[in-house]
Structures are given as C-alpha cells and as structure tokens.
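1. Below is the sequence, then the predicted model.
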Amino acid sequence: AQSVSQHNHHVILSEAASLELGCNYSYGGTVNLFWYVQYPGQHLQLLLKYFSGDPLVKGIKGFEAEFIKSKFSFNLRKPSVQWSDTAEYFCAVNPQTGANNLFFGTGTRLTVIP
Amino acid sequence: DTEVTQTPKHLVMGMTNKKSLKCEQHMGHRAMYWYKQKAKKPPELMFVYSYEKLSINESVPSRFSPECPNSSLLNLHLHALQPEDSALYLCASSPTSGSIGEQFFGPGTRLTVL
C-alpha cells in the first residue's frame, strides 16, 4: 500500500544539537514533497517543499531537506536547533496524479531542551 | 491576506445536534479541503472542492456534509455525529486542485461530541 513513513516518533534534543528527521514514501510515480510544522496550539505551517530541480531545498527558520529519489526519502535537517523548534513535524506527499491529494506521515514530535 | 480562517475555534455538540463549521480564504485559491486530525495523528483528507465542485470524497460518512457556497467559503455541516468524531477539523486551500500540492491550513475547529 502507498504510505508515508516517519520512523522517529519522538525526538528529544538539547539546544544547538543537529537535527535529522526521516521521511520515506512508497508512491511509485513522480511526487511533490513537503514538510509541515505544527507548533503547540498553532496551525500547520509549511516549512519547505520540493517539486523538481535541486534535490536540496531550503526552507524557513534554517531548515533544509534533501530528496533522494533512489531511496524514496525526503529527510529534514537543521544544523543547530533552538528551544523554539519544539513542535510536531509532518512529512507530506502529493503524488502527481492530477489530483491535489496530500498524504501525511504520522508525524515526529521534537522536544528541544534549553 | 494570506490566511485561512475557521469558525468556531471550539465546538461541543450532542449526538442529536446539527451544527456547521465554516472556513474562509481570500487568497483567490480555487481548491479547498477538509481534513480530520485526531490527537497525536496526522491530518486525514475528507473532502476536496475544486472550483466550487466536490472533486474528492474520501469515503466520509454522510453525517458529514460539505458545502462550497462560493470560491472563498467552505462549510462542513454536521448531523448525528458520534463521540468518535471528536477531533480537530482543519480547512486548507491551494491555488488550484491540480498536482501543485502546496496547501495553506487554517487553525482548525476542535470538535467534541458528547
């Protein structure tokens, strides 16, 4: 079955540590890829997106993600996290089938300790 | 205006009540979406409207009835809900319903069914 997997359910880091959150998908065709963030009590916000071109994409707040087509992966990274990065992070996939279906992974909760 | 607004923020209803959730955007987007998000789970797509017409219904029970009166408004009419329908209901919009993918989310309505 087609799916989006985020294997890290809860990640706890100290401030200034580096972050990498995994995302793998199983759709066979061309896809658009996204990372959304949901800060406590706030709505989903787009961090970054990949449609085509350079597989290394940069988003807001110092986040970046790398699309590795051969691994069906789109991992999120940040060199140095801050306490304010504490949030739920969702990877999402839009299979390019002509319909704007957006499928979310199960999310990774990031807790950054000051 | 780059916002998607949703009212009410919170709603408590009994199983015999009829209520409606409202969503509004003024970004000129022609696709609008309803998602359901249970606690600690990812959003799940319910409905997609494209150019004010229902284009996707993800096998949602008939006790949820969407309506798109115009290109800026999206309603979700609720009737005879069950306690398991308690969740955060998210509205989103995107420029088109084609495979562009980027969606803008509202803050959600937190629904409790007693």
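-> Received, thanks. Because the structure is predicted, anything quoted here is derived from the model rather than measured.

2. tell me which helix or strand of chain A sits lowest on mean pLDDT?
-> Lowest on mean pLDDT, DSSP states H and E among the helices and strands of chain A sits strand A:103-104, with a mean of 90.

3. avg pLDDT for the helix or strand following that strand?
-> Moving toward the C-terminus from strand A:103-104, the next helix or strand (DSSP states H and E) is strand A:108-113. Strand A:108-113 shows a mean pLDDT of 96.

4. what bits of chain A have low per-residue confidence?
-> Where chain A drops to pLDDT under 70, the residues are A:1-2, A:98-99.

5. tell me which parts of it are close to chain B?
-> For chain A, the residues in contact with chain B (CB under 8 Å from any CB of the partner chain) are A:32, A:34, A:36, A:42-46, A:49, A:51, A:90, A:94-107. To be clear about C-beta, it is placed using only N, CA and C from the backbone, and glycine gets the same treatment.

6. how does it look with 6 Å?
-> Residues of chain A found near chain B (CB under 6 Å from any CB of the partner chain) are A:32, A:43-44, A:49, A:90, A:94, A:96, A:98, A:100, A:102, A:104, A:106-107.

7. how about TSV for those, with distance to B:Val60 and neighbour count added?
-> As requested, these are arranged in TSV below (distance: CB to CB, whole Å; neighbours: other CB atoms under 10 Å in any protein chain shown):
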residue	distance to B:Val60	neighbour count
A:Asn32	24	19
A:His43	21	19
A:Leu44	20	25
A:Lys49	27	19
A:Phe90	21	25
A:Asn94	20	24
A:Gln96	24	17
A:Gly98	21	9
A:Asn100	17	27
A:Leu102	16	24
A:Phe104	17	21
A:Thr106	21	16
A:Gly107	22	23
